[in-house]
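In: below is the sequence, then the predicted model.
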Amino acid sequence: MTPRDVQKGDAVHPGDPVVVDRYTAAARINHWITAASLVLLAISGLALFHPSLYWLTGLFGGGQTTRTIHPWIGVVLFFGFFGLFLRFWRANLWEHTDNVWLRKARDVLSPDHEENLPEVGKYNAGQKMVFWSMSVLIIVLITSGVVIWDQYFSQYTGVEQKRIAVLVHSIAAIVAICVWIIHVYAAIWVRGTISAMTRGRVTGGWAWRHHRRWLKELVTGKGDRPNATPAE
Amino acid sequence: MFPPIPNPATQPVAPKFGEKDLLRRSASSITPPAQRQTEVAKLIDVSKCIGCKACQSACLEWNDLREEVGVNVGVYDNPHDLTANSWTLMRYTEYENPESGNLEWLIRKDGCMHCEDPGCLKACPAPGAIVQYTNGIVDFVHENCIGCGYCVKGCPFNIPRISKVDHKAYKCTLCSDRVAVGQGPACQKACPTQAIVFGTKDEMKTWADKRVTDLKSRGYKNAGLYDPPGVGGTHVMYVLHHADKPQLYAGLANDPKISPIVEIWKGLTKYAGLTAIAAMATFGFLHHVVNGPNRVSREDEQNAKKLAGGSAS
């Protein structure tokens, strides 16, 4: 049986260094569409959130266009993330070792104590938390966003519901931006990660260090064998 | 009779207030002028209103607005609600007074109340799209409006409407252009019974006192002035025969105030939110500075090679 965190396209290529395929081209394009819309949403949303950031509306062609375009980008984000959700949800299911990993948060945060942590599959508990919190937040954001999308939906809700929606929307957006900062920072701090989302591959050493169980599963052939996916 | 405002002179008159008389400006911090202008107010005496809608017509006429031809659904309210073109609306309520057994026809002219503490202005994210003059008039500046509808959420009276044509917010201006040259609002000018009078806020309160005394002498023991303190008072006030039950008048708010949800959104959330984001970014920066990057070691690569080398491929 294929372990659930070995996904379509994951493969090991022996060599020097060992190269591990982590994301397919489709997954990467899907990710970057989602990423770009999230950044644009954060900028346009913050522009309307605090007066001192109102100047950011200039990047979108003024206040009126910012107001018009923000919800449409939100629709792109929703469907973009929905695609990511379908791709990644299985590998993000919570496991017992994730609790152990979380309890050792101190070792997680120091670069040389990773040996103290349990062997991690395709995603560690932190990545899983980013995944699930974004999943929930985006549902909250699209729902509350539609309620305050006055141009098309104003007649379906009352003023009081819109007030609640606008408050919920702003709080969820702040949390989402904080989660996004964690996500981006982790990718920067853990060197060798970004190539996973650009070229689709990481080095064997990276996989050994950070996702050893996933690497082992790939090598022992419980996952897709490299020769079973004749992509190269 | 309240002394009518004389007709304007034929010579042009310089406006009496403008940019220099701003008390508040949306999404901006300004220093209000040291000298506040005399506060003005419109007094709507519901007990004198005959429901002729001359005020509605005058408002459309003066502000050069056109309302769509609507449909009759069996009530006198026309249009059925405030719109981006109808900034004032007569709302008709048939009330059977349980004490007297009389059927009372309560007619309230709805529209912007020009709050001293304006919820629309506090909610507005666009700098200068909503201004409050020191004389109490709250006005929308349309070239700055972005049509987000936040003013609708901020307003305790549900007054602003977003135009489906240009996607900007509209409401009663208290005829700020007429008031600036010493005239009263168009609705006041057109009212045939002086149910609408206009003057300084103090004059209006004094006048309202007389009206309330008169109404009480006619048996309306709960007659009173509607100048709700929850929004710091308003610059449009009502004389009501049943001031103890404002909600009788087509749902006029009993104790209007800016919704606590709006206060939290525009207050705590705004500051706590930006602080949280900044704290998160600072944590990342400091963590990286203190710990340095988490790099893959040569040993890791060798281990991987040892592992992968064993697999057939």
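Out: Structure received.

In: and the pLDDT at residue A:225?
Out: pLDDT for residue A:225: 43.

In: residues near the residue in chain B that chain A sits nearest to, how many?
Out: Nearest residue of chain B to chain A, counting by CB to the nearest CB: residue B:304, 2.9 Å away. Where you see a C-beta, it was placed from the backbone N, CA and C, and this is true even at glycine. Residue B:304 has 27 neighbours, counted by other CB atoms under 10 Å in any protein chain shown.

In: repeat for residue B:279
Out: Other residues lying near residue B:279 total 12 when counted by other CB under 10 Å.

In: could you check how far residue A:209 is from chain B?
Out: Using CB to the nearest CB, to the nearest Å, we find residue A:209 at a distance of 4 Å from chain B.

In: on that earlier part again, go ahead and confirm the residue of chain B closest to chain A touches residue A:210.
Out: No - with contacts defined as CB atoms under 8 Å, residue B:304 does not count as touching residue A:210, sitting 11.2 Å away.

In: once you drop chain neighbours, what's closest to the residue of chain B closest to chain A?
Out: Excluding the flanking residues, the one nearest residue B:304 by CB to CB, 6 or more residues apart in numbering or on different chains is residue A:204, at 2.9 Å.

In: can you report how many residues lie near that neighbour?
Out: For residue A:204, the count of nearby residues is 31 (other CB under 10 Å).

In: which ones are touching it?
Out: Residue A:204 is in contact with A:12, A:17, A:18, A:19, A:20, A:215, B:300, B:301, B:304, B:305, B:307, B:308, counting by CB atoms under 8 Å, 6 or more residues apart in numbering or on different chains.

In: which parts of the helix or strand of chain A with the lowest mean pLDDT are buried?
Out: Across the helices and strands of chain A, mean confidence by mean pLDDT, DSSP states H and E is lowest for helix A:105-109: a mean of 90. Using 16 or more other CB atoms under 10 Å in any protein chain shown as the burial criterion, the residues of helix A:105-109 that qualify are residue A:108.

In: who in the stretch 1-150 of chain B is up against chain A?
Out: Neighbours of chain A within the stretch 1-150 of chain B, by CB under 8 Å from any CB of the partner chain: B:27, B:28, B:125, B:126, B:127, B:144, B:145, B:146, B:147, B:148, B:149, B:150.

In: how about JSON lines for those residues, with pLDDT and neighbour count added?
Out: Output for these, formatted as JSON lines (pLDDT from 0 to 100; neighbours: other CB atoms under 10 Å in any protein chain shown):
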{"residue": "B:27", "pLDDT": "96", "neighbour count": "21"}
{"residue": "B:28", "pLDDT": "95", "neighbour count": "15"}
{"residue": "B:125", "pLDDT": "97", "neighbour count": "23"}
{"residue": "B:126", "pLDDT": "97", "neighbour count": "27"}
{"residue": "B:127", "pLDDT": "97", "neighbour count": "17"}
{"residue": "B:144", "pLDDT": "97", "neighbour count": "18"}
{"residue": "B:145", "pLDDT": "98", "neighbour count": "26"}
{"residue": "B:146", "pLDDT": "97", "neighbour count": "24"}
{"residue": "B:147", "pLDDT": "97", "neighbour count": "21"}
{"residue": "B:148", "pLDDT": "97", "neighbour count": "27"}
{"residue": "B:149", "pLDDT": "97", "neighbour count": "23"}
{"residue": "B:150", "pLDDT": "97", "neighbour count": "32"}
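
In: host element of residue B:146?
Out: Per DSSP states H and E: residue B:146 is located in neither a helix nor a strand.

In: ok, and the closest non-adjacent residue to it?
Out: residue A:63 (3.4 Å).

In: and the one you found, how far from residue A:148?
Out: Distance of residue A:63 to residue A:148, given as CB to CB, to the nearest Å: 16 Å.

In: does chain A sit close to the longest helix that chain B contains?
Out: When chain B is parsed with DSSP state H, its longest helix is helix B:268-291. Yes - on the criterion CB under 8 Å from any CB, helix B:268-291 is in touch with chain A at B:269, B:270, B:273, B:274, B:276, B:277, B:280, B:281, B:284, B:287, B:288, B:291.

In: kindly export the helix or strand just after that helix (C-alpha atoms) in PDB.
Out: Next helix or strand after helix B:268-291 toward the C-terminus (DSSP H and E): helix B:298-309. Provided in PDB are the C-alpha atoms of helix B:298-309 (Å, rounded to 0.1, in the frame of the first residue of the first chain):
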ATOM      1  CA  ARG B 298      27.300  17.400   3.800                       C
ATOM      2  CA  GLU B 299      26.500  14.600   6.100                       C
ATOM      3  CA  ASP B 300      22.800  14.800   5.300                       C
ATOM      4  CA  GLU B 301      23.600  14.600   1.600                       C
ATOM      5  CA  GLN B 302      25.900  11.600   2.200                       C
ATOM      6  CA  ASN B 303      23.200   9.900   4.300                       C
ATOM      7  CA  ALA B 304      20.700  10.400   1.500                       C
ATOM      8  CA  LYS B 305      23.200   9.000  -1.000                       C
ATOM      9  CA  LYS B 306      23.800   6.000   1.100                       C
ATOM     10  CA  LEU B 307      20.000   5.400   1.400                       C
ATOM     11  CA  ALA B 308      19.100   6.100  -2.200                       C
ATOM     12  CA  GLY B 309      22.100   4.300  -3.600                       C
END
